[in-house]
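> could you work out the structure for the sequence below:
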Amino acid sequence: ARHALAQRQATSVATTRLLALLLVLCAPAEAMRTRFVWWVRNDLRLHDNPCLARILAHKGEAEVLPVFLFDPRQYRRTARGCDKTGPFRAKFLYESVLDLRQQLRGIGSDLLVGVGKPEELLPRLVAPRGEGDTHTTILCQEQVTSEELRVDRALRSALPAGSCQFKPVWGGSLYDRSELPARQALDSSTLP
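Numbering: from 1, shown residues only. Next comes the predicted model:
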């Protein structure tokens, strides 16, 4: 029980530090009226990333804040006692996040990394800070599994109305859905 309490306290301290850092780094530049929060999920790459392609279409007119969140729910055991994320996958993910951070630093950006539930942390990050604040759009790779879709719904309902949009971008296949001929387009919501 003491270990669980210590772990919760450490997570709380880490979350508070992350939010304090994010609020400082996210201060809008005077000339920029749009902010993109690129919520990196499973698409830990810069090359040919659909979310970044959307952001780059604004050609420097927007502030971009890349964020990766380690969601504690992904590191628990299932009801049957199996690890949701085993040690090898966890190590690979950690190394991939570090690599993406290095790549972003190499081009003059950075990756904010935190621990917590996205539907709790992201709304606090994008909360309006006063009149004239920028409009924020959260972009992330669209997910298709039930757990991730639940997180998306919870995030949508937790976002401040009117000042923030949540726009998942399809990136889970070789071709975008819009590039498929109409007769071959699939509705992923009907798939098992």
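> can you name the next helix or strand after the helix-or-strand element of the chain with minimal mean pLDDT?
Every helix and strand of the chain was ranked by mean pLDDT, DSSP states H and E. The lowest is helix 2-25, at a mean of 47. Using DSSP states H and E, the next helix or strand after helix 2-25 towards the C-terminus is strand 34-40.
> list the buried residues of that next one.
35, 36, 37, 38, 39, 40 (16 or more other CB atoms under 10 Å). Every C-beta, even on glycine, is put in place using the N, C-alpha and C of the backbone.
> try stretch 74-90
Those would be residue 85, for stretch 74-90 by 16+ other CB under 10 Å.
> for residue 173, state which of the buried residues of strand 34-40 is nearest.
Nearest to residue 173, judged by CB to CB, of those is residue 40 at 18.3 Å.
> quick one, what contacts the closest one?
Residues near residue 40 by CB atoms under 8 Å, 6 or more residues apart in numbering: 66, 67, 68, 97, 100, 111, 140.
> let me have those residues in CSV, adding distance to residue 128 as columns.
Shown next, in CSV, are these (distance: CB to CB, whole Å):
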residue, distance to residue 128
66, 21
67, 18
68, 23
97, 29
100, 28
111, 24
140, 20
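> from those, which land in helices?
97, 100 (DSSP state H).
> and the contacts of residue 40, which two are furthest apart?
97 and 140, at 14.8 Å, using CB to CB across the contacts of residue 40.
> my guess is residue 158 contacts residue 117. True?
No: contact criterion CB atoms under 8 Å: residue 158 and residue 117 do not qualify, at 9.7 Å.
> how much space between residue 81 and residue 172?
29 Å (CB to CB, to the nearest Å).
> and residue 80, by the same measure?
26 Å.
> tell me which residue is most central in this protein.
residue 39 (2.1 Å; CA atoms, centre = their mean).
> ok so, going back, for the contacts of residue 40, which one is nearest residue 162?
residue 140 (20.2 Å).
> report the contact partners of that closest one.
38, 39, 40, 41, 51, 168, 169.
> what packs against the longest strand seen in the chain?
Identified as the longest strand of the chain according to DSSP state E is strand 62-70. Contacts defined by 3 or more CB pairs under 8 Å, 6 or more residues apart in numbering; DSSP states H and E place strand 62-70 against helix 2-25, strand 34-40, helix 87-106, strand 112-115, helix 118-126.
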